[in-house]
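Visitor: Starting from these lines, generate the structure:
(one chain, ligands or ions: 1)
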Amino acid sequence: MIHIADASLFIIRKRLEGSVITVPSVVEELRDESSRTTLELMDVRIEPALSSFKKKVKTKAGITRDSEELSGTDIDILAKALEYSEREDTVLVSDDFAVQNTAIQLGIRVIPAGQRKIKDVLVWEKQCIGCKRRFPEGDECPVCGSQMKKRRKASSKK
Ligand SMILES: [Zn+2]
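Guide: As a prediction, the model looks like this:
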């Protein structure tokens, strides 16, 4: 069994039997020490998503209208799950509703990482592409005026 995991697995620290694979952008999202330690202890394989599968995911996400909810990381993890599910027994592990929904549309088997809703674990914030400051919302940085991008913030809320 191949598990393709997004950040929620490492934050919740769920233990799984079998291989665990994730994408580099998920690793970048894990800001706190305990999530990163969990990733190391699980002996996770980190593989970049393939552009051909990203394209398939984006096409499908456009149809299901989840595209605005899907981050670049979500697209990567879905692309990786799609790639593996075409040739192996694969399950995507995610607590993100938009990811789960798109996975179902793509015919990918999906299970949640935890019982808690994703918003209790992961919250969104905006990060300026210029000065890298972070803000809870907005499209333009109030400090330097650069564009801001949506990104996930790992919450320490227990
Ligand atoms: Zn800025």
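Visitor: my read: residue 24 touches residue 45, true?
Guide: No: counting by C-beta atoms under 8 Å, residue 24 does not reach residue 45; the two are 11.3 Å apart. In short, each C-beta sits where N, CA and C put it, glycine included.
Visitor: Can you tell me what sits against stretch 63-78?
Guide: Residues from elsewhere that reach stretch 63-78, judged by C-beta atoms under 8 Å, 6 or more residues apart in numbering: 4-7, 22-26, 28-29, 48-49, 54, 57-58, 61, 92, 94, 96-99, 101-103, 105-106, 108, 150-152.
Visitor: Can I get it in CSV, CA atoms only?
Guide: Provided in CSV are the C-alpha atoms of stretch 63-78 (Å, rounded to 0.1, in the frame of the first residue of the first chain):
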residue,chain,number,x,y,z
ILE,A,63,-14.5,21.3,-13.6
THR,A,64,-15.3,20.7,-10.0
ARG,A,65,-14.8,24.4,-9.1
ASP,A,66,-12.3,23.6,-6.3
SER,A,67,-9.5,25.3,-8.1
GLU,A,68,-9.7,28.5,-6.0
GLU,A,69,-9.4,26.4,-2.9
LEU,A,70,-6.5,24.4,-4.1
SER,A,71,-3.0,25.6,-3.4
GLY,A,72,0.1,24.8,-5.5
THR,A,73,0.9,22.2,-2.8
ASP,A,74,-2.6,20.6,-3.1
ILE,A,75,-2.1,20.3,-6.9
ASP,A,76,1.3,18.7,-6.4
ILE,A,77,0.0,16.1,-3.9
LEU,A,78,-3.0,15.3,-6.1
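Visitor: Around residue 110, how many other residues sit close by?
Guide: The tally of other residues near residue 110 (other C-beta atoms under 10 Å) stands at 21.
Visitor: Report the contact partners of it.
Guide: 81, 91-94, 99-100, 103-104.
Visitor: So what sits opposite it in the bridge?
Guide: Taking DSSP bridges as the rule, residue 110 bridges to residue 92.
Visitor: For stretch 24-42, buried residues please.
Guide: Judged by neighbour count using 16 or more other C-beta atoms under 10 Å, the buried positions of stretch 24-42 are 25-27, 29-30, 35, 38-39, 42.
Visitor: Quick one: residues in contact with that stretch.
Guide: Counting by C-beta under 8 Å, 6+ apart, 5-7, 10-11, 13, 15-16, 20, 22, 46, 48, 72-73, 76-77, 151-154, 156 sit against stretch 24-42.
Visitor: Same question for stretch 1-20.
Guide: Outside stretch 1-20, the residues within contact range by C-beta under 8 Å, 6+ apart are 21-22, 26, 29-30, 34-36, 38-39, 42-45, 73-74, 77, 80-81, 84, 88-96, 99, 112-114, 116, 118, 121-122, 152, 154.
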